[in-house]
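Engineer: Pasted the sequence and its predicted model underneath.
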Amino acid sequence: MSKLLYEEETYKIRGAVFEVYKEMGPGFLEAVYQECLERELRLQEMPYESQKELCLYYKGEQLEQTYKPDFYCFDEIIVEIKAIKKFLPTDEAQLLNYLHGTNKKLGLLVNFGASETVEIKRFVL
């Protein structure tokens, strides 16, 4: 039986995301969910950094350009949040590009804007 990459860590992040959605529901702007999730991660004493500048690489060489994910959790997991009706292929491609460019292995794409429940997609390189 194979174990998921960062299974325990992503379980905790997902729990924080669901807690924010349970409290706030859909309909707010992304900035509201950003602030709420930051507070929830702090309340749950989860290691995270908000808008942490990550280096980008091209063929193993560091670029001058950097990337700031919405959240960088457990020193390994990129979390990007949205507040839209549904994910678009460009949202998914953006996260995959960030993973590839930063040499990180796991990312979560979170959508607080869906009307019935919060959506979370897991991406592994």
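Structural biologist: Looks like it came in fine.

Engineer: For the rest of this, base every contact and every neighbour count on C-alpha atoms.
Structural biologist: Will do.

Engineer: end to end, how far does stretch 95-108 reach?
Structural biologist: Distance across stretch 95-108, first residue to last, is 8 Å (Cα to Cα, to the nearest Å).

Engineer: Now do the buried residues in it.
Structural biologist: 95-96, 98-108 (16 or more other Cα atoms under 10 Å).

Engineer: Which of the residues you listed lies at the shortest distance from residue 83?
Structural biologist: Sorting the buried residues of stretch 95-108 by distance to residue 83 puts residue 108 at the head of the list, at 14.1 Å, by Cα to Cα.

Engineer: neighbours around the nearest residue to residue 52 once chain neighbours are set aside, how many?
Structural biologist: Leaving aside its chain neighbours, residue 52 sits nearest to residue 68 (5.3 Å; criterion: Cα to Cα, 6 or more residues apart in numbering). Residue 68 is flanked by 16 other residues according to other Cα atoms under 10 Å.

Engineer: before we move on, which element is the spatially most central residue of the chain in?
Structural biologist: Closest to where the C-alpha atoms of the chain average out (Cα atoms, centre = their mean) is residue 79, at 1.2 Å. Using DSSP states H and E, residue 79 falls within strand 77-82.

Engineer: can you check residue 122 too?
Structural biologist: strand 119-124.

Engineer: Give me the contacts around that strand.
Structural biologist: Here strand 119-124 makes contact (Cα atoms under 8 Å, 6 or more residues apart in numbering) with 14, 95-96, 105-112.
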